[in-house]
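Novice: my questions are about this predicted structure, shown below with the sequence.
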Amino acid sequence: MSVPQRCCPECFGDRGLRKSIIPSLTPGRGVCSFCGTADVDLVEPRTLGDYFELLTNIYEPDPAGKLLVEWLKDDWQLFSHPRMDVHAAKALLAEILNDGEIVRQPYSPSAAYISDELDSWAKLRDELMYRNRYFPEEPLHAARLAQLLDYLQADDLPLTWYRARIRTGNDIIPIAEMSAPPARLVSHGRANPPGIPYLYLGSAPETAAAEVRPHTGEVACVADFTIGRGIKAVDLRNPRQLVSPFLLADEDEIGLLRVDIAFLEHLGDELTRPVMPQGAAIDYVPSQYLCEFIKKCGYDGVVYRSSVSDGINLALFDPAKAVGGAVALYNITRVSVEVTPA
């Protein structure tokens, strides 16, 4: 008698399946039949059938389209395990849906689901920068944005973060001076308006040092800061990877979420886009506005990609929620520059 094939959360790379759905199905443990991951929760693929059927219903047959697994990979970054190529993903999806034919047919997203969030944000962004800063006429779809932010709550944030300053003398900068500056001295930042101090932290010493735009030969003072486990932050690094369609119980909600992911990615770009110092006072306005909204929604901060390193950054709205530790010295030994044709 053959042993039934079983799949695992690693096959999909979806945090809704990993954290909520598969654990609720009383999984066993072992080696995954599809991606080969060992010592992992395992379920029979067909137990996920209802969840995937709801998701695949937002796609329609289209001779000019592409395979369902290709859409699921592109739209939701599903089947992200290195072993889950299109062929392997088709085999697993066929088992999940109990239909070997549907995975071979071309599909396209249903045209029934449309959203103007991205267009509205572009108009609001332009108005905030160049016409009306404090009383804009272009409406912000606050209820929808607040709902979308709920899908992007950061999981498993590191407890230790870092902040750097360039040493100007021979003495190490004391920890008391490594936090956010006093309000009256705060200039505009990527996340904060002038006069409102946020604490900018990097995930590693080199990330924090890179953020202060050092020169070769300088010495950076890098302090470590500890945040509490209860910090609630929005993670804008990769919305397409974070949102999980399987946590939604309505087909229309899934379809609308699919078209709004591009809007969320655009918001993440606001916090990562390189800005020239001479234009920062204006170019930072949209990301400042976004962070003020995130703060109003009850979050403690926002996580975003670093534009100058491979690390990640955390803008903490209340600097008092991070406790300073020790300060260490780092020599800036190399600063790299990449160029592309203009």
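Specialist: Noted; the coordinates are in hand. Numbering: from 1, shown residues only.

Novice: all helices for the stretch 101-250 of the chain, in order.
Specialist: 117-130, 142-150, 205-211, 239-242 (DSSP state H, counting those that start in this stretch).

Novice: winner for burial among the ones you listed?
Specialist: helix 205-211 (a mean of 22; mean count of other C-beta atoms under 10 Å). C-beta here means a position set from N, CA and C on the backbone, and glycine is covered the same way.

Novice: which helices and strands sit right next to that helix?
Specialist: With contacts taken as 3 or more C-beta pairs under 8 Å, 6 or more residues apart in numbering; DSSP states H and E, helix 205-211 sits against strand 160-166, strand 199-202, strand 219-227, strand 312-316, strand 322-331.

Novice: tell me which other helices or strands the fourth one touches.
Specialist: Based on contacts counted as 3+ C-beta pairs under 8 Å, 6+ apart, the elements that strand 312-316 packs against are strand 199-202, helix 205-211, strand 301-305.

Novice: can you show me the CA trace of the second one as CSV?
Specialist: In CSV, the C-alpha atoms belonging to helix 205-211 read as follows (Å, rounded to 0.1, in the frame of the first residue of the first chain):
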residue,chain,number,x,y,z
PRO,A,205,26.0,47.6,12.4
GLU,A,206,27.0,47.9,8.7
THR,A,207,23.4,48.8,7.8
ALA,A,208,23.3,51.5,10.4
ALA,A,209,26.7,52.8,9.3
ALA,A,210,25.7,52.9,5.6
GLU,A,211,22.7,54.9,6.4
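
Novice: pretty sure residue 285 contacts residue 133?
Specialist: Yes - if you go by C-beta atoms under 8 Å, residue 285 and residue 133 touch, sitting 6.7 Å apart.

Novice: so for the two, which residue has more residues nearby?
Specialist: residue 285 (18 against 14; other C-beta atoms under 10 Å).

Novice: so what's that one up against?
Specialist: Residue 285 makes contact with 128, 129, 133, according to C-beta atoms under 8 Å, 6 or more residues apart in numbering.

Novice: neighbours around the closest residue to residue 83 other than its chain neighbours, how many?
Specialist: In this structure, residue 83 finds its nearest non-sequential neighbour in residue 35, 4.7 Å apart by C-beta to C-beta, 6 or more residues apart in numbering. Around residue 35 there are 22 other residues, counting by other C-beta under 10 Å.

Novice: quick one: pLDDT of residue 35?
Specialist: Listed pLDDT for residue 35 reads 97.

Novice: which SS state does it fall under?
Specialist: coil (DSSP: H, G, I helix; E, B strand; the rest coil).
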